[in-house]
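> structure for this input, please:
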Amino acid sequence: MTVKKIAFFCIPAHGHTNPMLPVAAELVRRGDRVRFYSFNEFKEKIISTGAEFVSCDSFLPSITKDEEQRLKSVSTTEMTIQDIKITLAMDEFLDGEFKSFMPDVVYSDSVCFWGKLNAWKHNVALVVSTSTFAFNQLSSKYMKHSKGELWDMIAGLPKISKELKALEPHGYKVKNALSLVQNDNTTDTVVYTSKRFQPYSESFSDHYAFVGPSVFSKTAPQKSKARPLVYISLGTVINERPDFYNKCAEALGGLDVDVIISRGKYIDEKLLSGFPPNIKTYPYVDQLDVLSKADAFITHCGMNSVSESLYMATPMVLYPQTGEQVAVAKRVEEQNAGIMLGDDSAQGIKKAVLGLLNNKGYAQAAAEMSEDFRSCPGTEGAAEFIENAPHKSNGVDVLAELNKENGRFQLIYWLLVAALIVILGVFAGWNFIWIVGITAGVLSYPISQKVQKLRYPSIVKRLKSK
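Numbering: from 1, shown residues only. Below is the predicted model of the structure:
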């Protein structure tokens, strides 16, 4: 097979970079040349895959303390604005890189604007790396945003629109920010989960490769030990929670279990002092290794953490912090592989952990998901998919057909509403007809969503049988 030159692009985030690393290593192993545009924090990890590392730190804009805080709180508006600024800062540099390196394929993280935009600008085949679920109009229903997150997105729209206009003079054509981040059925995309775990997986076209978790370890779960092991981690972003870790210590200190807490590197260890001897805290652990032995995992429900947990057959206490994490948590709960932590008091944590450990059904469900994940194509499948981009689809598009049916439904719905208005007007008078119109407008969306949900299985069955 012809050696391919592949340009990797990712934002400076562990949860987005980590799943791309095993894929880079596999492509290098297959003889391809991989150039990874990333940041110094990830330099050693990237070089260890055999890929060429290109530092992009000099293009990071300086940020105020307020902007830094908004990024730490996962503000969609702030992340979008910073992505646009980095794209503009890298424009001239990447123009030169694309002309000299001349990649055959761009493999870009789903929210890495400068990777995706430059692939389109330079007419290079694009494959998107999706570090969480693929989200479209159906699967996005799993997300439940807080009022703060919703306000951030609504209030930020004018700012984002203004920043997007700055891209146009540089040859970047963008309709809106949503078109840059939402999944569509025409873009080649690698998703690091299985079809079983992906919500509404049938609604995604053949342009999607559901390859399962992207991990280096092939180790099997090793659960035999003297007493249960509980692992606790809130990831690498929203993890400065000494209050939560202290409540976990209060909850689990008196139990016949061992506890490992990965606290992150920024928390002052003095804030976590006086823990019982069965509880150990570390700034960082080999998460896959710990999960291979763990019997319960208290997690923030980042996709990487959940994938690694299920890969290692470990059931979870689910403690999501963002709308995206809520979607992942809900899917775990549907698979019966975890318990939602509704009460994060010490007593609530203790009840959830004991409920998980004392009901073997959760461990069995996690073990079934482990088998499912391990049967996926994995990094080898991802590498092959990238090498062979761009891909053709078989033409089956469940989402497009669902939208056509929704259009027909809306037409019939409003014809019936119009007929009802005329009948009521003629026989009961026209004074209050406006109430019917407003009521019909309010009910239109929820009714159409209900109809779509009912019609979805039959559409999938009909199209897949062709």
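> what secondary structure does residue 353 sit in?
Secondary structure, DSSP: H, G, I helix; E, B strand; the rest coil: residue 353 is helix.
> only the buried residues of stretch 340-359, if you could.
For stretch 340-359, burial by neighbour count (16 or more other CB atoms under 10 Å) applies to 340, 341, 344, 346, 349, 350, 351, 352, 353, 356, 357. In this view, the C-beta of every residue, glycine as well, is placed from N, C-alpha and C.
> would a markdown table of those residues with distance to residue 288 be doable?
Conversion of the buried residues of stretch 340-359 to a markdown table gives the following (distance: CB to CB, whole Å):
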| residue | distance to residue 288 |
| --- | --- |
| 340 | 24 |
| 341 | 23 |
| 344 | 26 |
| 346 | 29 |
| 349 | 24 |
| 350 | 27 |
| 351 | 28 |
| 352 | 23 |
| 353 | 21 |
| 356 | 20 |
| 357 | 21 |
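> just give me the closest of the residues you listed to residue 451.
Minimum distance to residue 451 across the buried residues of stretch 340-359 is 29.1 Å, recorded for residue 340 (CB to CB).
> bridging residues for that closest one?
residue 318 (DSSP bridges).
> the chain should start at 324 in everything you say after this.
Taking 324 as the first residue, the last one we looked at is residue 663.
> relative to residue 745, how far out is it?
From residue 663 across to residue 745, the span is 49 Å (CB to CB, to the nearest Å).
> if we can go back for a sec, which of the buried residues of stretch 663-682 sit farthest apart?
The widest separation within the buried residues of stretch 663-682 (CB to CB) is 18.1 Å, between 667 and 680.
> per-residue confidence for the spatially most central residue of the chain?
Nearest to the mean C-alpha position of the chain, counting by CA atoms, centre = their mean, stands residue 455 at 2.1 Å. pLDDT for residue 455: 90.
> how about residue 340?
96.
> residue 361 is in contact with that one, correct?
Yes - Residue 340 is within contact range of residue 361, at 6.6 Å (criterion: CB atoms under 8 Å).
> got any residues that touch both of the two?
Common contacts of residue 340 and residue 361 (CB atoms under 8 Å, 6 or more residues apart in numbering): residue 333.
> any regions of the chain where pLDDT drops low?
Scanning the chain for pLDDT under 70 picks out 324, 391, 394-397, 468-469, 472, 559-562, 589, 591, 593-595, 789.
> number of residues surrounding residue 332?
For residue 332, the count of nearby residues is 26 (other CB atoms under 10 Å).
> need phi/psi at it.
Phi and psi for residue 332, reported as degrees, to the nearest 10, are phi -130, psi 140.
> tell me how far it lies from residue 502.
18 Å.
> and residue 666, by the same measure?
40 Å.
> and for residue 737?
Residue 737 is 28 Å from residue 502, by CB to CB.
> again with residue 460
Taken as CB to CB, the span from residue 460 to residue 502 is 14 Å.
> compare neighbour counts for the two and give me the winner.
When neighbours are counted by other CB under 10 Å, residue 460 comes out ahead of the other of residue 460 and residue 502, with 16 against 11.
> residue 722 is in contact with the more buried one, correct?
Yes - using CB under 8 Å, residue 460 is in contact with residue 722, at 7.1 Å.
> which residues are in contact with both of the two?
Counting by CB under 8 Å, 6+ apart, residue 460 and residue 722 have no shared contacts at all.
> and the strands in the stretch 474-623 of the chain?
511-514, 531-533, 552-556, 581-585, 602-605, 619-622 (DSSP state E, counting those that start in this stretch).
> what pairs with the fourth one, parallel or antiparallel?
I take that to be strand 581-585. Partners of strand 581-585 in the sheet, by DSSP bridges, are strand 552-556 (parallel), strand 602-605 (parallel).
> so what touches it?
Taking CB under 8 Å, 6+ apart as the rule, strand 581-585 contacts 550-556, 568, 571-572, 575, 595, 601-608, 610, 613, 617.
> before we move on, the earlier item: so which of the strands of the stretch 474-623 of the chain is the most packed in?
Stretch with highest mean neighbour count among the strands of the stretch 474-623 of the chain: strand 619-622 (a mean of 28; mean count of other CB atoms under 10 Å).
> for the nearest residue to the residue nearest to the centre of the chain once chain neighbours are set aside, which residues are in contact?
Leaving aside its sequence neighbours, residue 455 sits nearest to residue 626 (CB to CB, 6 or more residues apart in numbering; 4.0 Å). With CB under 8 Å, 6+ apart as the criterion, the residues that contact residue 626 are 338, 454, 455, 456, 515, 516, 647, 651.
> mind checking how far the fifth one is from residue 337?
The one in question is residue 515. Remark: distance between residue 515 and residue 337 (CB to CB) = 14 Å.
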